[in-house]
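Please find the sequence and the predicted model below.
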Amino acid sequence: MKQTRVHQVLQTESIGKKVKLAGWVRTRRDSKGGFSFIELNDGSCMKSVQILAEAALSNYESEVLKLGIGSSIEVIGDVVESPGKGQTTEVKAESVKVLGYADPQTYPLQKKGTSMEFLRSIAHLRPRTNTFGAVARVRNEICRSIHNFFQSRGFLYINTPIITASDCEGAGQMFNVTTFDLKDVPRISGEGGAKGDIDFEQDFFGRATHLTVSGQLEAEIYATALTNVYTFGPTFRAENSNTSRHLAEFWMVEPEMAFCDLEGDMQCAEDFLKTIFNDVMTNCGSDMEFFNERIDKTVLETLKHIVDSDFVRISYTEAVDILLKCGEKFEFPVSWGIDLQSEHERYLTEKKFKKPVIVYDYPKDIKAFYMRLNDDGKTVRAMDVLVPKVGEIIGGSQREERLDVLIERMKACDLDPEEYWWYLDLRKFGTVPHAGFGLGLERTVQFVTGMGNIRDVIPFPRAPKTADF
RNA sequence: UCCCGAGUAGCGCAGCGGUAGCGCAGGUGACUGUUAAUCACUUGGUCGUAAGUUCGAAUCUUACCUCGGGAGCCA
């Protein structure tokens, strides 16, 4: 007999059908009338289905009455209209087969409120809770939406490498990748200035290698051949960041578009976010209702508002003007040329406009070397999409496609152009204007669900001092 | 990494110098087409770790560890 999932059984169309279900017990309620109610969940949806187990079952006394929360069972029975309140259908069990008990004395999850911190310490069991089941389903929907968005627009999905040899991809501290015995690392012998340095020529790749901090530079290679591409994979930052918005291992989506300027980049980012939010609301209705009710009472309203309205677009210079004139007291004073602080971004997106804000044309000194220099010589074609609570959810730019300008910028940033010979080749041979951005998957899940800590929107978070499971 | 705050029963918390408490969960019993069921009784704790002050420390001091909030870095 083919297995049915709980979400199907909850539909009234299932009434009258005989089904086989399997899942985990959420709770059992006994009636002295000679039967028990079992709430069964299999992760297919938020809700559990109520199983009616009568005393007539051969294993009622011996097994059914011992079923506690967390036990796994297989049920065969008829879907019937429920006479009770709270559900429209239920399953009248013909048989209840116990697959595995969960000892209520030691099973950590019980019918009660539990903190996110505690659940994080039992990451192997937390997907069995309503909250983490819903997070998993919404995260999955977001991933599907990301692929759908780009695939339907003709973007090619490019798998860029996890292990990289380019030393300065731009952002942040990198994790080292090596097969050296750390107790006995080979050193360069002989005479000369390099004597005593680590001899990476003896390492696995014959040179120093790291975990990637971005697939952008590689994506640019494919965009300048195939026009529109995107990467979507894990990214690593060895920063000692201890916040609710940072992970050492996180997933990032990075589209890269040839023949595209910053305007097109911003438009793509806006359409992209709206599509994701819309898909989640359409396809994860009950999960989103749960988040709206139990996690953050404003998420649904906020998402609807965003989908229905245009993002605010202001230049960095305008943003600084607004911040200077707003009368708000900031811990960090505002002046043209500074990087916007969290409190400044929050003011813009949470107080002033109350929706996503795209800030563009930042001072060149606070942005990466590859961003296209404006004619004013002071600013670059960079853009950040800021959203309430989470802050920067997307960072992007139009790339510098002029070889001479790019080389100058690299030198100004103390980078050796020879190290980037292949990156420069893209400008030397058939260069084109192009642009792209990076979207943090976890920050998107955070924003959509209202979950307060980024460690609770990825199954197994990696952060400083945290690599369990 | 910096600034605050917190670590007490399986979980959520109170106690803040004088022999460790409450709620929930667990166990037992009662009751019921129940639904976070309800009611009664009940098991359960080297008070984060290490040192110190004191006649006496969960309570005061110091260091360390972990967690949370904020900041920096950023996605």
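Nice, thanks for sending it over.

And the helices in the stretch 251-400 of chain A, which stretches?
Along the stretch 251-400 of chain A, counting by DSSP state H, counting those that start in this stretch, helices occupy A:262-283, A:285-290, A:299-308, A:316-325, A:342-346.

Pull out the buried positions in the first one.
Judged by neighbour count using 16 or more other CB atoms under 10 Å, the buried positions of helix A:262-283 are A:262, A:265-266, A:268-270, A:272-281. Using the backbone N, CA and C atoms, a C-beta is placed for each residue, glycine as well.

before we move on, what about the shortest one?
Along helix A:342-346, these residues count as buried under the neighbour rule (16+ other CB under 10 Å): A:344-346.

Restricting to these, which residues neighbour RNA strand B?
When contact is defined as CB under 7 Å from any atom of the strand, these meet RNA strand B at residue A:346.

if we can go back for a sec, go back to the buried residues of helix A:262-283 and keep what's next to RNA strand B.
Within those, nothing lies near RNA strand B by CB under 7 Å from any atom of the strand.

which of these lies closest to RNA strand B?
Nearest to RNA strand B among those: residue A:269, at 10.2 Å, using CB to the nearest atom of the strand.

quick revisit: switch the helices of the stretch 251-400 of chain A over to a markdown table; also include mean pLDDT.
As requested, these are exported to a markdown table (pLDDT from 0 to 100):
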| stretch | mean pLDDT |
| --- | --- |
| helix A:262-283 | 97 |
| helix A:285-290 | 93 |
| helix A:299-308 | 91 |
| helix A:316-325 | 94 |
| helix A:342-346 | 91 |
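
Throw the ones you listed into JSON lines and include distance to residue A:24, thanks.
Putting the helices of the stretch 251-400 of chain A into JSON lines (distance: least, CB to CB, whole Å) gives the following:
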{"stretch": "helix A:262-283", "distance to residue A:24": "24"}
{"stretch": "helix A:285-290", "distance to residue A:24": "18"}
{"stretch": "helix A:299-308", "distance to residue A:24": "27"}
{"stretch": "helix A:316-325", "distance to residue A:24": "50"}
{"stretch": "helix A:342-346", "distance to residue A:24": "40"}
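
For chain A, give me the ranges with low pLDDT.
In the predicted model, chain A carries pLDDT under 70 at residues A:112-113, A:167-172.

Please parse it into its domains.
Segmentation of chain A into domains, based on automatic domain parsing, reads A:6-100, A:131-174+A:213-456.

Against residue A:448, how distant is the residue sitting furthest away from the middle of chain A?
Within chain A, the residue lying farthest from the chain centre (CA atoms, centre = their mean) is residue A:191, at 49.6 Å. Using CB to CB, to the nearest Å, we find residue A:191 at a distance of 60 Å from residue A:448.

Check residue A:4 too.
In terms of CB to CB, residue A:4 sits 29 Å off from residue A:448.

Closest one of the buried residues of helix A:262-283 to residue A:44?
residue A:280 (17.1 Å; CB to CB).

and the closest one, what is it in contact with?
Neighbour list for residue A:280: A:138, A:141-142, A:145, A:288, A:303, A:448 [criterion: CB atoms under 8 Å, 6 or more residues apart in numbering].

and with 6 Å instead?
Neighbouring residues of residue A:280 by CB atoms under 6 Å, 6 or more residues apart in numbering: A:138, A:141, A:448.

Make TSV from these and add secondary structure to it.
As requested, those are exported to TSV (DSSP: H, G, I helix; E, B strand; the rest coil):
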residue	secondary structure
A:138	helix
A:141	helix
A:448	helix
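
Around the residue nearest to residue A:436 when sequence neighbours are not counted, how many other residues sit close by?
Spatially, and ignoring its direct neighbours in sequence, residue A:436 is nearest to residue A:256 (3.7 Å; CB to CB, 6 or more residues apart in numbering). By other CB atoms under 10 Å, 31 other residues sit near residue A:256.

Quick check: residue A:256 vs residue A:358, distance?
Noted for residue A:256: a distance of 18 Å to residue A:358, by CB to CB.

And residue A:309, by the same measure?
Going from residue A:309 to residue A:358 by CB to CB gives 13 Å.

the more surrounded of those two?
Neighbours were counted for residue A:309 and for residue A:358 using other CB under 10 Å; residue A:358 has more, 21 against 13.

Please name the bridge partners of that one.
Beta-bridge pairing of residue A:358 under DSSP bridges involves residue A:313, residue A:385.

any idea whether residue A:408 is helix, strand or coil?
Under three-state DSSP, residue A:408 falls in the helix class.

got the residues of the stretch 251-400 of chain A near RNA strand B?
A:252, A:332, A:339, A:341-343, A:346, A:391-395.

Among those, which ones are in strands?
Mapping those onto strands (DSSP state E) picks out A:252, A:391-395.

one step back: of the residues of the stretch 251-400 of chain A next to RNA strand B, which pair is most distant in space?
Pairwise distances across these (CB to CB) peak at 27.5 Å, for the pair A:252 and A:332.

And the two? Which one has more around it.
Neighbour count, other CB under 10 Å: between residue A:252 and residue A:332, residue A:252 has more, with 20 against 12.

Would you check that that one makes contact with residue A:436?
No. The criterion here is CB atoms under 6 Å, and residue A:252 misses it with residue A:436 at 11.5 Å.
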